[in-house]
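output the structure for:
(2 chains)
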Amino acid sequence: KQEVTQIPAALSVPEGENLVLNCSFTDSAIYNLQWFRQDPGKGLTSLLLIQSSQREQTSGRLNASLDKSSGRSTLYIAASQPGDSATYLCAAIQAAGKFQFGAGTQVVVTP
Amino acid sequence: GAVVSQHPSRVICKSGTSVKIECRSLDFQATTMFWYRQFPKQSLMLMATSNEGSKATYEQGVEKDKFLINHASLTLSTLTVTSAHPEDSSFYICSPFRNTEAFFGQGTRLTVV
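Below is the predicted model:
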């Protein structure tokens, strides 16, 4: 059974610092890996989708890498801003759209 | 494209009553619908998978008689929490699936008092 772990569980940084969020998964037979942002009491906002054949994806200040063989993905957020404060979830995507989510990393960026 | 409408966004109900949550894919047809729930400070956990016109498949530990899922069309699925109890208070999210991609509703915060 796929298990997804996110470390750290919480992170607080001053504005301007780079953020590094880690995600590990136990079963490397994934279709894709996706990173989401979740604001308190809200749904999910998709950030980056990395297909299993890809090594990384970039969007603006966000960069996500994927190493299937070691079962790891890392989300980098450059030059963090207070608006980046949220919980970040990674999800390993398996057959036919079934997602296995990590518990998330709660990020606070202080002005 | 890929607009998902889930409502209500918040609902408070009395213990013992039933609550229906609706999920619509507005501009695409979803062959499969996933329902997740999220307890505070925890991850989203898959509850059930349903395909249009057939019975839902429930994950281990999820009571199928308590969480009724109807997927009558390719654009609409409903989750009914029957005889709700305070321990059912949670955040419920639907996820319609099309081809190779899943999308997510905005979630429903259910509070049972």
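
find the least confident helix or strand in chain B, judged by mean pLDDT.
The helix or strand of chain B with the poorest confidence is strand B:101-102; it has a mean of 84 (mean pLDDT, DSSP states H and E).

who's in contact with that one?
A:I93, A:G97, A:F99, B:A2, B:F34, B:S95, B:P96 (C-beta atoms under 8 Å, 6 or more residues apart in numbering or on different chains). In short, each C-beta sits where N, CA and C put it, glycine included.

can you map out the strands along the chain?
Picking chain A for this. A:4-7, A:10-14, A:19-25, A:32-38, A:44-51, A:56-59, A:62-67, A:72-77, A:86-93, A:99-101, A:105-110 (DSSP state E).

could you do chain B instead?
B:4-7, B:10-13, B:19-25, B:32-38, B:44-51, B:57-58, B:67-73, B:76-81, B:90-98, B:101-102, B:108-112.

can I get those strands in CSV with mean neighbour count?
Compiled in CSV, these are given as follows (neighbours: other C-beta atoms under 10 Å in any protein chain shown):
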stretch, mean neighbour count
strand B:4-7, 18
strand B:10-13, 14
strand B:19-25, 21
strand B:32-38, 24
strand B:44-51, 20
strand B:57-58, 16
strand B:67-73, 18
strand B:76-81, 21
strand B:90-98, 23
strand B:101-102, 20
strand B:108-112, 19
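
mind putting those into CSV with distance to A:V109?
Listed next are the strands of chain B as CSV, based on distance: least, C-beta to C-beta, whole Å:
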stretch, distance to A:V109
strand B:4-7, 28
strand B:10-13, 27
strand B:19-25, 32
strand B:32-38, 23
strand B:44-51, 23
strand B:57-58, 39
strand B:67-73, 37
strand B:76-81, 35
strand B:90-98, 24
strand B:101-102, 29
strand B:108-112, 25
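
among those, which gets the worst mean confidence?
Of all those, mean pLDDT reaches its minimum on strand B:101-102 (a mean of 84).

let me see the contact set for A:Q38.
A:L44, A:T45, A:A86, A:T87, A:Y88, A:L89, A:G104.

of all these, which two lie farthest apart?
Taking C-beta to C-beta as the measure, those span a maximum distance of 13.0 Å, between A:T45 and A:G104.

neighbour-wise, which of those two wins?
A:G104 (24 against 14; other C-beta atoms under 10 Å in any protein chain shown).

for the more buried one, give me phi and psi.
Here the main-chain torsion angles of A:G104 (degrees, to the nearest 10) amount to phi 100, psi 160.

nice, that's everything, thank you.
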